[in-house]
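1. Based on what follows, work out the 3D shape:
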Amino acid sequence: MRVLLSTYGSRGDVEPLAGLAVRLREQGAGVRVCAPPDEDFARRLADIGVPLVPVGPSARALTRAAPAPASLPERAARLIAGQLGPVTEAAEGCDLLVATGALPAAAGALSVAEKLGIPSVSVTFQQLTLPAPHRRPLAYPGRPFPPEVTDPKTLWELDAQSVNTLFGEALDTHRASLGLPPVDDVRAYVVGDRPWLASDPFLDPWHETPDLDVVQTGAWILPDTRPLPADLTAFLDAGAPPVYVGFGSMPLHAAADMARVAVEAVRAQGRRLVLARGWAELSPGGDRDDCFEVGEVNQQALFARVAAVVHHGGAGTTTTAARAGAAQVVVPQVADQPYWAGRVAALGIGAAHDGPAPTVASLSAALGTALAPETRARAASAAGRVRADGASVAARLLLDAAERGGQDRRSRPAVPPLPVGRTTAPR
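-> Numbering: from 1, shown residues only. This next block holds a predicted model:
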């Protein structure tokens, strides 16, 4: 059995595939991963012995470029074009393809699977891209919804129109090069009738809808056994638990100011600081005995030793902090991050900062909420409710479905849906 995992996006789009790849290999499957050619992605996959097939331009460079919204169709065309050669070559001889990441890239990968007749599964790591009657969709940059329209059904119809406008022409052009017919509804093509939701049902509960048969597996987490660096361990041992601040793959164009604000806000709460450089290259500047700067690090181990985690609200970071029992302050920047901020606040395990650009006062206030004894107690209690077996569940379901050979429309495996909230595979 050979499985191809295909994505295009940030670290949060690649890391879950590492978790799934390890579980698939444990069950005897051969695995390849198609992902952006960034060095940190290649290094992460090399650490677990999974081959990386580089696809498209550097995700980090593309993120830093901060292109205008008007260039989205052009970027989509590049992403889809970048799928065709590498993904087609990597998919040859595979029994199953799993597609996730940026919607146009997922559409390109799914088209390759369609061309080759390979069963495919479409996966999202948060539910906001799945049409639901109780929730409005995210608006694409430069394409806000009319303020007078509030009905979710109408908004989802407008969202489908936006997706077609932004990505339809590029997708159909490249499908034609594969000898495939055009797609009438790009979003529906990517989502399908039975999408997979690889998020934790406690943090991201899915509410059943009549139109989608969602399989929620739980988050795909790879246990990290790497030791913390000796100098970081010494810093942690030298005093009370510090506050971690990191924004992952976010570019943060005002990075210097964000670092200054973080240092001053954490100090205002009487805490030391661990500052993660991330893609924004954050640095506290100067010699600061109460600050420690880190690069790539075992977050699972580190978050278990901090008083609170300040972050951007990516699905992976939110889940990792929740599993570690750390209180959180989410400073959302884009896309699904305000949703995760709202979930953290609603569960009472942290605070949601209002907006992407905190001041010392606003971040200190949010930290005050997160560091309150009752918040930290709720965060510690919630840790036991976040499942760690999502990747194992997904691996068993994928291989069982592939072995049965069942397929739904467009060659997707006929996987029995898990009841909402359940994170164990059917026996």
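
2. Break this protein down into its domains, please.
-> Domain segmentation of the chain under automatic domain parsing yields 2-222+388-413, 230-385.

3. and the longest helix along the chain, what does it pack onto?
-> If you go by DSSP state H, the chain has its longest helix at helix 72-91. Helix 72-91 sits against strand 2-6, strand 30-35, strand 52-54, helix 103-116, helix 169-177, with contacts defined as 3 or more C-beta pairs under 8 Å, 6 or more residues apart in numbering; DSSP states H and E. From N, CA and C alone the C-beta is placed, and that goes for glycine too.

4. downstream neighbour of the fourth one in the secondary structure list?
-> In other words, helix 103-116. strand 120-124 (DSSP states H and E).

5. Relative to the whole chain's centre, how far out is that following strand?
-> Using C-alpha atoms, centre = their mean, to the nearest Å, the mean C-alpha position of strand 120-124 is found 13 Å from that of the whole chain.

6. so how many other residues sit close to Asp231?
-> Neighbours of Asp231 under the rule other C-beta atoms under 10 Å: 10.

7. out of everything not next to it in sequence, what's closest to it?
-> Excluding the flanking residues, the one nearest Asp231 by C-beta to C-beta, 6 or more residues apart in numbering is Phe292, at 7.9 Å.

8. Then Gly108?
-> Spatial nearest neighbour of Gly108, excluding adjacent residues (C-beta to C-beta, 6+ apart): Gln83 at 3.3 Å.

9. any idea how far Arg194 is from the one you found?
-> Going from Gln83 to Arg194 by C-beta to C-beta, to the nearest Å gives 22 Å.

10. For the two, work out which one has more neighbours and name it.
-> Gln83 (25 against 19).

11. Next, work out how far apart that one and Ala76 are.
-> 11 Å.

12. Stretch 190-202: which residues count as buried?
-> 190-192, 194-202 (16 or more other C-beta atoms under 10 Å).

13. Then the residue nearest to Asp231 would be within a strand, right?
-> Yes. Under DSSP: H, G, I helix; E, B strand; the rest coil, Phe292 sits within a strand.

14. how much space between it and Ala366?
-> According to C-beta to C-beta, Phe292 stands 21 Å off from Ala366.

15. So between these two, which is more surrounded?
-> Neighbours per residue (other C-beta under 10 Å) separate Phe292 from Ala366, with Ala366 holding more: 24 against 21.

16. low-scoring stretches of the stretch 51-200 of the chain, by residue?
-> 65-70 (pLDDT under 70).

17. actually the stretch 201-350 of the chain, sorry about that
-> If you take pLDDT under 70 as the line, the stretch 201-350 of the chain has these spans: 253-255, 287.

18. How many neighbouring residues does Glu92 have?
-> 12.

19. so what's it closest to, chain neighbours aside?
-> Using C-beta to C-beta, 6+ apart, the closest residue to Glu92 is Leu116 (7.2 Å).

20. So the one you found sits against Glu89, correct?
-> No. Here Leu116 does not reach Glu89: they are 10.7 Å apart, not a contact under C-beta atoms under 8 Å.

21. who's more crowded, those two?
-> Taking other C-beta under 10 Å, Leu116 and Glu89 do not tie; Leu116 has more neighbours (17 against 11).

22. Which residue ranges of the stretch 251-400 of the chain form helices?
-> For the stretch 251-400 of the chain, the helices defined by DSSP state H, counting those that start in this stretch occupy 255-268, 299-303, 315-324, 337-347, 360-371, 373-382, 390-404.

23. Great, nothing more from me.
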